[in-house]
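Novice: pasting a predicted model and its sequence here:
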Amino acid sequence: MANSIPVRDRPRPTPRKRRPPRNHARRRQIIVLVVAVLAVLTVVHGLSFRGDVAPGVNVHGIDIGGLSSADAKEVLRDNLSPQLDKNVIVTLDSQTAAMNPAELDARIDITETVDRAMRTGRLRSLLLPFVYSASVDPSIITPVQPRIPANLRLIAEPARSATVRISQGKTTISPARDGHSISTRAILLAAAQAALAGQRKIKLTSTTTKPAISTADARAAAASAEALASAPVALNSDGNRVGALSTATLQAAVMVRNEAGKATVAFNPQKLALAIDEALGNRIREPQNAAWDTNGTRAWVEPAKDGIAFEPRAAADAVRAAALAGGSRQADLELIRVAPNRSTQEAEEFEITEKVAGAITELGDSSSNRTHNVALMTEILDNRLVMPGETFSFNDAVGPRSPERGFLEGLAIVDGLMIPSIGGGVCQVATTLYDAAFAMGLQIVERRNHGFYIPQYGLGMDATVSWPDLDLKFNNNTSHPILIRATSDASTMLVNLYSAPSDGRTVETSVSDRYEIKPPEKRYMEDPFAPAKQIIQYVDGQEGFAVDVTRDVTRDGEILSHDVFVSTYSSQPATYIVGPGAFPPGDNVLEPPPYGWVSPYDPNPPKPVF
C-alpha cells in the first residue's frame, strides 16, 4: 500500500505574485473623450459655415470655401468673368477665326454657379473638415443663336442628294455631296471654356451629314426613270378625259426620292402641278370666303363657296402609278373640296347689316399718279374687318408705300412746298378713314394733323401718316365687327363703315374758333431757271393757328366718352422765287430750294422716277 499524505497535511503551493491590472478602461475613456471632442469641433466647424459655401470648395481654381453666397458671387464676378474677355483662335475644319467669348455675349452664370457650389460637399466637409476639397465647373451661358465669325458659319452646308435629269431623251446624273452641320452655341461654348482654361488655340470639327440619295442610288434608278417618262400619260377626272402630260413634261418632272431608306423614282409634285392645273381647267377653283355686298345703306352676306382642288403629291403618285402600269398609261385624278376660311354662317353671325358711319373727301386737282395711289390704297382697305376690341393700324394695314408694291411718284408737302414723293395721296386716304371712324364714335388711339392747314379737309379733321412711324390708329370699342368699304375715283374718295344696327350711341361734335394765330413770314428762294433779276411770288403765305374739335359720344343720355382733339398748324411762309441777279429786299436771306423741288421755270423738268 502506497504511502499517502492526508490532504490536509499536503503542502500548499506557493501563490503566484499577482500583476497589477491593465488600465483598459482609462484608455477607452480617453479615446471616447477625444472622439467626442473631435465630433464637437466638427459640428461647431460645420455650424460655423452654415449658409456659406462649404470649406474647400473652389470654382475653376478660385477658392470660395467659407464665403457667403453674396461674397462668393462678388469674388467670381471680379475674378472669373473677366477671363472670358480673351481672344481664342478657333479652327473649324479648314477655317480659322479669332473669337472673343465676352464680345460674343457669352457670360458666366454667377448665380447658378454659386448655387451649385452651395450644394457641393456639405456632408463630406463636415466629416473631413480640414482635408476636404472639391472643384465646381462654372456655368456658361450663350445666346440661342450666337454671332460667330462668318467664315466659320460657311462651314455649315446641307447634304445634296444625287439627282436624275432627263432632257430630250438624255439622262444626266448630278452626283451627291456630303454636308456639314455645326452648332454655333457649341462653338462659342468651346471658345469660352478654352478662354477659362487659358488656351489660346482650339480645333473643332463639324459633323458630316449624308445625303438622302447617294450617287450610286441615282445611277441604279436612272433606268427606271427613263422608263417612267418614256411616253405621255393621259389624265382622267370623274371618268372623263381631261388632258394629257407630254413626254417632255414627264421627263422634266422626274425625280429620285428616299422612301423608307430606299431610293425610289417618282415625279416632282410641284413640277407636275402646273401642267395638271392647266389640264383640269375650270374643274378646279379657289375657295371663296363669305363676303359682304353693300349699297351705301345696307350690307348683306354673299355666301361662301367651297374650292375644288387636287393634292399635288397624290396626283403625282397617280401619274407615276399609271406610268409604271404600262399599257394605256391613264391616271385617274382625285379632286377634293377645300373649305373657305370664313363660312356663310360665321359671316351671318357677325350681324353686319347696315351703314353706321361714312366720310367723303375731294381729291381736287390730283395728278394721275396720285389718283392711282389713292385707288391702290382703297383697294387694300376695302372689305377689311376690324373685330371688337381690335386696334386698327393704318400702316399695318396698308404697308410700306414703295415702287415694288405698285406705288407711283406723287406729290407730298415738305416745308410748305409740293415735292415729288413715292406714295403721294396717302394722307388723303388716312384723312377719309379717320373722319369715318371719328363719326362712328370709335376710340381714336393715334392721330396727327398735317404740319399746316389744308383747306380741302375739315378744320381739325385731317390725319397725316408716314411709314413706318407716323400712324393712324383707332380701336373698335363696340361689341360687333366693323366692315370697311373704301372706293375712289378721279375726284373723290369714300369710306363707309358697316356693322350691326347702332347700339343707340350718338356722336356730337363742335369746333372751336382758331386761336394762337401766327402770321406768315416771307421766304426768298433762289431759282436759276427763273427770269433774271426778277422776284416772283410762288406760294401765298398761310397763317398758323390751333383749333379744338370736341366730340361727345352718348347713349340714352349717358356720356360714353368726351374727347378734345387739338390740332396745331404751323404758319407757312409766303414763298418768292428769286431769279439770277436779283436779291431779297432788306435783311431777308436768300435760301436754296428744298431737295427734290422742281422749278416751274425749268425747261426740262425731270420725269417721275416711277
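Specialist: Thanks, I have the structure now.
Novice: hey, let's count contacts and neighbours off CA atoms from now on
Specialist: OK.
Novice: which element follows the least confident helix or strand in the chain by mean pLDDT toward the C-terminus?
Specialist: In the chain, no helix or strand scores lower on mean pLDDT, DSSP states H and E than helix 122-127, which sits at a mean of 51. Downstream of helix 122-127, the next assigned helix or strand under DSSP states H and E is strand 134-136.
Novice: give me the contacts around that following strand.
Specialist: By CA atoms under 8 Å, 6 or more residues apart in numbering, the residues outside strand 134-136 that reach it are Gly56, Val57, Asn58, Val59, His60, Gly61, Thr113, Arg116, Ala117, Thr120, Gly121.
Novice: surely Met440 is in contact with Thr509?
Specialist: No. Here Met440 does not reach Thr509: they are 11.5 Å apart, not a contact under CA atoms under 8 Å.
Novice: those two: who's more crowded?
Specialist: Between Met440 and Thr509, Met440 has the larger neighbour count (other CA atoms under 10 Å), namely 19 against 14.
Novice: what's the closest non-adjacent residue to that one?
Specialist: Once flanking residues are discounted, Met440 sits nearest to Ala357: 5.2 Å by CA to CA, 6 or more residues apart in numbering.
Novice: which helix or strand contains that neighbour?
Specialist: strand 354-362.
Novice: now for the helix or strand following that strand, which elements pack on it?
Specialist: Reading on from strand 354-362 to the C-terminus, the next helix or strand found by DSSP H and E is helix 368-381. Applying 3 or more CA pairs under 8 Å, 6 or more residues apart in numbering; DSSP states H and E, we find helix 368-381 packed against helix 394-398, strand 409-414, helix 426-440, strand 482-488.
Novice: pull the contacting residues for Cys468.
Specialist: For residue 468 the amino acid is Pro, not Cys. Contact partners of Pro468, counting by CA under 8 Å, 6+ apart, are Asn395, Pro400.
Novice: any idea how far Val445 is from it?
Specialist: Distance of Pro468 to Val445, given as CA to CA, to the nearest Å: 16 Å.
Novice: do the same with Glu278
Specialist: Per CA to CA, Glu278 is found 49 Å from Val445.
Novice: do Ser68 as well
Specialist: Distance from Ser68 to Val445, by CA to CA: 52 Å.
Novice: more neighbours, these two?
Specialist: Ser68 (18 against 13).
Novice: I'd say the more buried one and Val53 touch.
Specialist: Yes. Between Ser68 and Val53 there is a contact at 6.2 Å, judged by CA under 8 Å.
Novice: would you mind measuring from the closest residue to Pro501 other than its chain neighbours to Val338?
Specialist: Excluding its sequence neighbours, the residue lying closest to Pro501 (CA to CA, 6+ apart) is Glu354, at 6.2 Å. Here Glu354 is placed at a distance of 30 Å from Val338 (CA to CA).
Novice: same drill for the two, tell me which one is more crowded.
Specialist: Neighbour totals were compared for Glu354 and Val338, and Glu354 leads with 20 against 16 (other CA under 10 Å).
Novice: bridging residues for that one?
Specialist: Under the criterion DSSP bridges, Glu354 forms beta bridges with Arg298, Ser499.
Novice: can you pull out the helices in this structure?
Specialist: Remark: helices assigned in the chain by DSSP state H are 24-48, 69-79, 110-118, 122-127, 150-153, 184-197, 215-228, 247-253, 269-280, 312-325, 344-349, 368-381, 394-398, 426-440.
Novice: in the fifth one, what counts as buried?
Specialist: Going back to what we said before, that points to helix 150-153. Neighbour-count burial for helix 150-153 flags Leu152, Arg153 (criterion: 16 or more other CA atoms under 10 Å).
Novice: list the contacts of that helix.
Specialist: Helix 150-153 is contacted by residues Leu92, Gln95, Thr96, Ala97, Ile182, Thr184 when judged by CA under 8 Å, 6+ apart.
Novice: just give me how far that helix sits from the chain centre.
Specialist: Its chain's C-alpha centre and that of helix 150-153 lie 24 Å apart, by CA atoms, centre = their mean, to the nearest Å.
Novice: export only the CA atoms of it, formatted as PDB.
Specialist: Provided in PDB are the C-alpha atoms of helix 150-153 (Å, rounded to 0.1, in the frame of the first residue of the first chain):
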ATOM      1  CA  ALA A 150     -18.800  84.400 -91.000                       C
ATOM      2  CA  ASN A 151     -16.100  82.100 -92.300                       C
ATOM      3  CA  LEU A 152     -16.900  79.600 -89.600                       C
ATOM      4  CA  ARG A 153     -20.600  79.700 -90.400                       C
END
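Novice: and it, average pLDDT?
Specialist: Confidence for helix 150-153, expressed as mean pLDDT, is 92.
Novice: one step back: which of the contacts of helix 150-153 fall in strands?
Specialist: In strands, defined here by DSSP state E, the members of these are Leu92, Gln95, Thr96, Ala97.
Novice: which residues does the residue nearest to Pro501 contact?
Specialist: Thr297, Arg298, Ala299, Tyr498, Ser499, Ala500, Pro501.
Novice: next: Ser502.
Specialist: By CA under 8 Å, 6+ apart, the contact set of Ser502 is Val356.
Novice: so where's the stretch 501-610 of the chain shaky on pLDDT?
Specialist: 607-610 (pLDDT under 70).
Novice: model confidence for the nearest residue to Ser246 once chain neighbours are set aside, exactly?
Specialist: Leaving aside its sequence neighbours, Ser246 sits nearest to Pro232 (CA to CA, 6+ apart; 4.6 Å). Pro232 carries a pLDDT value of 93.
Novice: again, but for the one 4 residues further on
Specialist: In this prediction, Asn236 carries a pLDDT score of 92.
Novice: can you tell me what sits against stretch 536-546?
Specialist: Contacts of stretch 536-546 (CA under 8 Å, 6+ apart): 452-453, 514-522, 566-578.
Novice: go again using 10 Å as the cut-off
Specialist: 416-417, 451-454, 459-460, 512-525, 530, 566-579, 600 (CA atoms under 10 Å, 6 or more residues apart in numbering).
Novice: just the buried members of these?
Specialist: Buried members of those, scored by 16+ other CA under 10 Å, are 416-417, 451-453, 459-460, 520, 522-525, 530, 566-579.
Novice: which parts of stretch 289-303 are buried?
Specialist: By neighbour count on 16+ other CA under 10 Å, the buried set for stretch 289-303 is Asn289, Ala290, Ala291, Trp292, Thr294, Ala299, Trp300, Val301, Glu302, Pro303.
Novice: domain-wise, how is the protein divided?
Specialist: Annotated domains of the chain cover 35-153, 215-348, 350-591 [automatic domain parsing].
Novice: from memory Phe394 sits against Asp471, does it?
Specialist: Yes. When contacts are counted by CA atoms under 10 Å, Phe394 is listed as touching Asp471 (6.2 Å).
Novice: anything in contact with each of the two?
Specialist: In terms of CA under 10 Å, 6+ apart, Phe394 and Asp471 are both contacted by the residues Ala430, Val465.
Novice: list the contacts for Ser328?
Specialist: By CA under 10 Å, 6+ apart, the residues touching Ser328 are Ala231, Pro232, Val233, Ala234, Ala322.
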